[in-house]
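Undergrad: Prediction below, plus the sequence it came from.
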Amino acid sequence: MADIARITGVSKNTVSLALRGSSRVREDTRQRVEQAARKLGYRLNPTVAHLMAELRQNRTVGFQATLAMINAHETRDAFTTHPTIPIYVEGCRQRAKHLGYKLDEFWMHEPDMPVGRWQSIFRARNIRGLLIVGLMRGNRLPSRLAPLWEEFPTLVTGVRTRDPELSYTCSDHHTLALKAFEKAVELGYQRPALVLDRVIDELIEGRFTAGFLTGQSRLIPIRHRTRPFYDVEAARKEREVFTRWFKRNRPDVIFTLYHEVKRWVQDMGLRVPQDVGLIQYEWRADHGAWTGMDQRNDLVGATAVDMLVSMIHHNAHGVPDYPVATLIGSQWIEGGTTKG
């Protein structure tokens with residue numbers, strides 16, 4: 001490090017900050033330091049890096065840099081009003097604060113906002129990376145904003161994007177559904193069923209369905225297998241759509257995301273959990289005494305910040321050749337909507 005400082009004419013502290021991607025070092029200086037480090041064959045010592053990380057964990061972290069947290073949902077206030085997105089957001093905020101990063105919030109669908117304007121704002125605010133949160137309709141980002149991911153390290157939270165394919169973190173939906181299925185069988189259920197909006201399943205590329213069908217093929221005889229119900233929107237308009245499916249499949253427990261399914265079942269004269277059990281794929285403490293799987297979307301948000309900060313430190317921007325995915329496991333929560 002002393003050799004790099006001598007060659008570049010800066011202090012060792014500046015070299016250290018530059019190699020960690022600190023915003024406190026001017027861009028031209030950082031590039032000069034990195035170029036000198038490459039020529040000298042400098043490599044970060046992982047033992048020292050780990051020790052310094054431990055030391056930083058045990059002291060109050062000062063301000064490091066600013067990250068942009070971009071609301072990709074069609075609703076401007078989704079960070080506060082959506083049933084799920086605020087959990088991701090809170091996880092991002094807490095982790096960013098812990099690491100000493102400030103989050104500036106933006107709405108992706110701001111009208112009359114050319115990409116050049118986005119870039120100017122991000123540069124003026126010295127934003128080092130982008131967190132995309134709340135993408136709920138489709139897995140594609142606006143192509144007009146492509147220069148943003150080319151210039152800034154970018155990480156997607158909650159889902160995988162197809163175009164462009166960026167690194168992301170999300171719940172491990174397949175394993176969640178499979179674990180829920182296994183738990184239901186342990187409780188003695190013999191005809192598990194899935195009630196899920198097709199749009200949501202497509203958003204996560206069928207991973208809920210895949211986990212359900214995997215459990216079904218492993219644990220349930222063919223004569224007891226049920227067909228998934230995807231016509232949730234139709235059932236909201238005409239309840240008979242759900243009733244016909246239920247009578248045809250005769251499930252004894254239902255996996256779902258929707259509280260209204262409990263009302264649909266009760267309106268048919270059935271008792272929960274005596275006649276049919278219900279298991280939530282997205283359990284939350286404010287949902288009442290449901291049985292379900294806690295996705296820990298707060299950890300999804302926190303992990304997104306960790307991944308983005310690592311990308312910043314490694315100067316990783318642009319669409320990656322090999323996107324990195326981090327999947328967060330879920331936890332089974334006992335409740336009152338399944339039999340004991």
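TA: Nice, I can see it.

Undergrad: Dead centre of the chain: give me the residue that sits there.
TA: residue 158 (2.4 Å; C-alpha atoms, centre = their mean).

Undergrad: Could you measure from that one over to residue 208?
TA: 14 Å (C-beta to C-beta, to the nearest Å). (Each C-beta comes from the backbone N, C-alpha and C, glycine too.)

Undergrad: Skipping adjacent residues, who's closest to residue 162 in space?
TA: residue 139 (4.5 Å; C-beta to C-beta, 6 or more residues apart in numbering).

Undergrad: In this model residue 203 seems to touch the one you found, though I could be wrong.
TA: Yes: assessed by C-beta atoms under 8 Å, residue 139 is found in contact with residue 203 at 6.8 Å.

Undergrad: With neighbour numbers in mind, choose between the two.
TA: residue 203 (20 against 17; other C-beta atoms under 10 Å).

Undergrad: Tell me if I'm right that that one and residue 134 touch.
TA: No: applying C-beta under 8 Å as the test, residue 203 and residue 134 come out as separate, 11.7 Å apart.

Undergrad: Quick check: the residue nearest to the centre of the chain touching residue 295?
TA: No: taking C-beta under 8 Å as the definition, residue 158 is not a contact partner of residue 295, at 10.0 Å.

Undergrad: which residues do the two both contact?
TA: residue 171 (C-beta atoms under 8 Å, 6 or more residues apart in numbering).

Undergrad: now the helices for the stretch 51-200 of the chain?
TA: In the stretch 51-200 of the chain, the helices defined using DSSP state H, counting those that start in this stretch lie at 78-81, 85-99, 115-124, 146-151, 173-186, 198-203.

Undergrad: burial measure for the nearest residue to residue 250 once chain neighbours are set aside, as a count.
TA: The shortest distance from residue 250 to any non-neighbouring residue, by C-beta to C-beta, 6+ apart, is to residue 191 (6.2 Å). Residue 191: 17 surrounding residues under other C-beta under 10 Å.

Undergrad: quick one: the one helix or strand residue 312 maps to to helix 85-99, angle?
TA: Secondary structure assigned from DSSP states H and E places residue 312 in helix 297-313. Per axes from the mean of the first three to the mean of the last three C-alpha atoms, to 10 degrees, the angle that helix 297-313 makes with helix 85-99 is 50 degrees.

Undergrad: Can I get helix 297-313 as PDB, trimmed to CA atoms?
TA: Below are the C-alpha coordinates for helix 297-313, written out as PDB (Å, rounded to 0.1, in the frame of the first residue of the first chain):
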ATOM      1  CA  ASN A 297     -38.500 -10.300   3.400                       C
ATOM      2  CA  ASP A 298     -36.700  -8.000   5.800                       C
ATOM      3  CA  LEU A 299     -33.600 -10.200   5.400                       C
ATOM      4  CA  VAL A 300     -34.100 -10.100   1.600                       C
ATOM      5  CA  GLY A 301     -33.800  -6.300   1.800                       C
ATOM      6  CA  ALA A 302     -30.900  -6.400   4.100                       C
ATOM      7  CA  THR A 303     -29.000  -8.900   1.900                       C
ATOM      8  CA  ALA A 304     -29.700  -6.700  -1.100                       C
ATOM      9  CA  VAL A 305     -27.800  -3.900   0.600                       C
ATOM     10  CA  ASP A 306     -24.900  -6.200   1.500                       C
ATOM     11  CA  MET A 307     -24.700  -7.500  -2.100                       C
ATOM     12  CA  LEU A 308     -24.800  -3.900  -3.600                       C
ATOM     13  CA  VAL A 309     -22.100  -2.600  -1.200                       C
ATOM     14  CA  SER A 310     -19.900  -5.600  -2.300                       C
ATOM     15  CA  MET A 311     -20.500  -4.700  -5.900                       C
ATOM     16  CA  ILE A 312     -19.500  -1.100  -5.300                       C
ATOM     17  CA  HIS A 313     -16.300  -2.100  -3.500                       C
END
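
Undergrad: Fine by me, thanks again.
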